[in-house]
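J.: Structure here, sequence nowhere to be found:
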């Protein structure tokens, strides 16, 4: 003990630059300056938490085998004033209990069912388009294709968080097939944005999942033209943004229908950019597969009217998934600035909203209706999320932290009201830099009560 070298948390915080990047895990300081380029989760999570204790985040996102890699990164320094909060202590204890129960390894047969359903739906879609002459059958196939894309997207999501197959190789194959080949959305793009989202949950300038200027703004803080740390550019609030955001509570659902087009564009922008992309060629190959079979399938329809309707119906069905993703966060608490390792648990509870539903609907929501559970334990198979939900509720209650679970209807009401409140302030031409929204400071429980008392019609219009 006497021969140990120590640094303080303030000294650790100074190592927060790309060419001098340290983190601490359980009181030990690690130099990840060179490792950041090799980090499987990308550079963004490490850069966002640079110079901080990252124990909770490390536990959440890494399997037990990852601890073996830390020794070669150890600086020899221990953090002198290292402390563990009561919340973090209970969180780590809960993680250990889940580990002993084998919950991280009990993956059930969800992926087997998903793969089988995707294969069957794809076969039915192709057969219906090619063999049938009925317009009604063709439109039904468009609907089925939308469901297929939803299920495949959840497969890609699961395989991106944990190994759903028997080996890393087959897991990566699943990612490319489910993401790139079937849905046309690059798994590389998803990992890049999704990992940053998890670490910086609902940070207006660090979380890409909230950065939708000029179309949407969930906070008036965006009216100050915040700089996106993730994208490295200013999110300019100009006249166009003011106009679009001023009516965002009306355009929300129509935009969700065409949101997939944006995902296609984002995929191409990343894969053909100069930034380093893991497995770039594999991702490009997968995208080429999608843009081969999908246009060919659409071209088999007899006329342009049916082709347009087929694509629109498929897009409209997948809009349900896009809506769900936004319901989980748009009306959650937000903040400006980088995430902090010492309140990681608290930030996850503040920025997430669960969607309550019956167990028979789990397949449609892909487990992400348990959004807080997923954020706290992203490596936990989706078939275990419903089981651990009551335990996490009790932990939140013990530490007086929010656990918000709304019905699908209530979550839509909450999101629309959030968008409407910001929209009305965006329209106010006399106030170019409006004050922060009142709803940002309100307790969500009181907020939902106010909606129900006043009525949905009043708040929507």
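T.: Thanks, I have it. Predicted model only: the values in this text are computed from it and were never measured.
J.: Quick one: neighbours of the nearest residue to residue 95 once chain neighbours are set aside, just the number.
T.: Once flanking residues are discounted, residue 95 sits nearest to residue 59: 5.5 Å by Cβ to Cβ, 6 or more residues apart in numbering. Using the backbone N, CA and C atoms, a C-beta is placed for each residue, glycine as well. Residues contacting residue 59 under the criterion other Cβ atoms under 10 Å number 22.
J.: Could you confirm residue 384 falls within a helix?
T.: Yes: according to DSSP: H, G, I helix; E, B strand; the rest coil, residue 384 belongs to a helix.
J.: burial of it, as a residue count?
T.: The tally of other residues near residue 384 (other Cβ under 10 Å) stands at 21.
J.: thought it was touching residue 105?
T.: No: with the criterion set as Cβ atoms under 8 Å, residue 384 and residue 105 do not qualify as a contacting pair; they are 10.0 Å apart.
J.: Which pLDDT value belongs to the residue nearest to residue 309 when sequence neighbours are not counted?
T.: Excluding the flanking residues, the one nearest residue 309 by Cβ to Cβ, 6+ apart is residue 139, at 6.2 Å. Model confidence at residue 139, expressed as pLDDT, equals 97.
J.: In which helix or strand does residue 139 reside?
T.: Assigned by DSSP states H and E, residue 139 falls within helix 135-161.
J.: helices or strands up against that helix?
T.: Judged by 3 or more Cβ pairs under 8 Å, 6 or more residues apart in numbering; DSSP states H and E, the packing partners of helix 135-161 are helix 110-131, helix 168-175, helix 187-199, helix 304-327.
J.: Show residues contacting the second one.
T.: It stands for helix 168-175. Under the criterion Cβ atoms under 8 Å, 6 or more residues apart in numbering, residues 111, 155, 156, 159, 160, 163, 164, 165, 187, 279, 282 lie in contact with helix 168-175.
J.: buried ones in it?
T.: 171, 172, 174, 175 (16 or more other Cβ atoms under 10 Å).
J.: what do you get for the last one?
T.: Applying a neighbour-count criterion of 16+ other Cβ under 10 Å, the buried positions in helix 304-327 are 306-307, 309-311, 313-327.
J.: my guess is the residue nearest to residue 95 meets residue 96, correct?
T.: No: between residue 59 and residue 96 there is no contact, the gap being 9.2 Å when judged by Cβ under 8 Å.
J.: Low-confidence ranges, the stretch 251-400 of the chain, go.
T.: Filtered on pLDDT under 70, the stretch 251-400 of the chain yields no residues whatsoever.
J.: Can you report how many residues lie near residue 21?
T.: For residue 21, the count of nearby residues is 21 (other Cβ under 10 Å).
J.: coming back round to it: with pLDDT and distance to residue 266 added, can I get the buried residues of helix 168-175 in CSV?
T.: What follows is these, written out as CSV (pLDDT from 0 to 100; distance: Cβ to Cβ, whole Å):
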residue, pLDDT, distance to residue 266
171, 86, 23
172, 88, 21
174, 90, 21
175, 91, 17
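J.: would you list every one of the strands in the stretch 301-450 of the chain?
T.: Here the stretch 301-450 of the chain has its strands, by DSSP state E, counting those that start in this stretch, at 354-356, 405-407.
J.: I'd like to know which of the buried residues of helix 168-175 is nearest to residue 132.
T.: Closest approach to residue 132 among the buried residues of helix 168-175 (Cβ to Cβ): residue 174, at 30.8 Å.
J.: Relative to residue 141, how far out is the closest one?
T.: 25 Å (Cβ to Cβ, to the nearest Å).
J.: What segments of the stretch 251-400 of the chain are helices?
T.: 280-299, 304-327, 344-351, 362-365, 371-376, 385-398 (DSSP state H, counting those that start in this stretch).
J.: And those helices: which comes nearest residue 7?
T.: Ranking the helices of the stretch 251-400 of the chain by their distance to residue 7 (criterion: Cβ to Cβ) puts helix 344-351 first, at 20.9 Å.
J.: So which elements touch the closest one?
T.: Packed on helix 344-351, when contacts are counted by 3+ Cβ pairs under 8 Å, 6+ apart, are helix 55-61, helix 86-100, helix 371-376.
J.: for those helices, which one sits closest to residue 207?
T.: Go through the helices and strands packed on helix 344-351 one by one with Cβ to Cβ and the one that ends up closest to residue 207 is helix 371-376, at 11.8 Å.
J.: quick one: contacts for the residue minimising distance to the centre of the chain?
T.: Geometric centre of the chain, nearest residue: residue 194, 4.8 Å, by Cα atoms, centre = their mean. Residue 194 makes contact with 157, 160, according to Cβ under 8 Å, 6+ apart.
J.: Ok, residue 383 next?
T.: Remark: with contacts taken as Cβ under 8 Å, 6+ apart, residue 383 is in contact with 106, 107, 108, 110, 367.
J.: Looking at the helices and strands packed on helix 344-351, which one is packed in the most?
T.: For those, the largest average neighbour count (mean count of other Cβ atoms under 10 Å) is found in helix 371-376, namely a mean of 24.
J.: Dump the strands of the stretch 301-450 of the chain to JSON lines, plus mean neighbour count.
T.: Conversion of those to JSON lines gives the following (neighbours: other Cβ atoms under 10 Å):
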{"stretch": "strand 354-356", "mean neighbour count": "20"}
{"stretch": "strand 405-407", "mean neighbour count": "16"}
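J.: Could you report the pLDDT at the residue nearest to the centre of the chain?
T.: The score at residue 194 is 93. That number is its pLDDT.
J.: Distance check, it against residue 110.
T.: Relative to residue 110, residue 194 is positioned 19 Å away (Cβ to Cβ).
J.: Can you report phi and psi for residue 233?
T.: With angles defined as degrees, to the nearest 10, residue 233 shows backbone torsions of phi -150, psi 160.
J.: Ok, residue 108 next?
T.: When read as degrees, to the nearest 10, the backbone of residue 108 gives phi 60, psi -160.
J.: Can you tell me the closest non-neighbouring residue to it?
T.: Going by Cβ to Cβ, 6+ apart, residue 108 has residue 383 as its nearest residue, at 3.9 Å.
J.: Same question for residue 323.
T.: On the basis of Cβ to Cβ, 6+ apart, the spatially nearest residue to residue 323 that is not a chain neighbour turns out to be residue 256, at 5.2 Å.
J.: I'd like to know how far that neighbour sits from residue 17.
T.: Between residue 256 and residue 17 the distance is 39 Å, computed by Cβ to Cβ.
J.: who's more crowded, these two?
T.: In terms of neighbours (other Cβ under 10 Å), residue 256 is the more surrounded of residue 256 and residue 17; the figures are 20 against 12.
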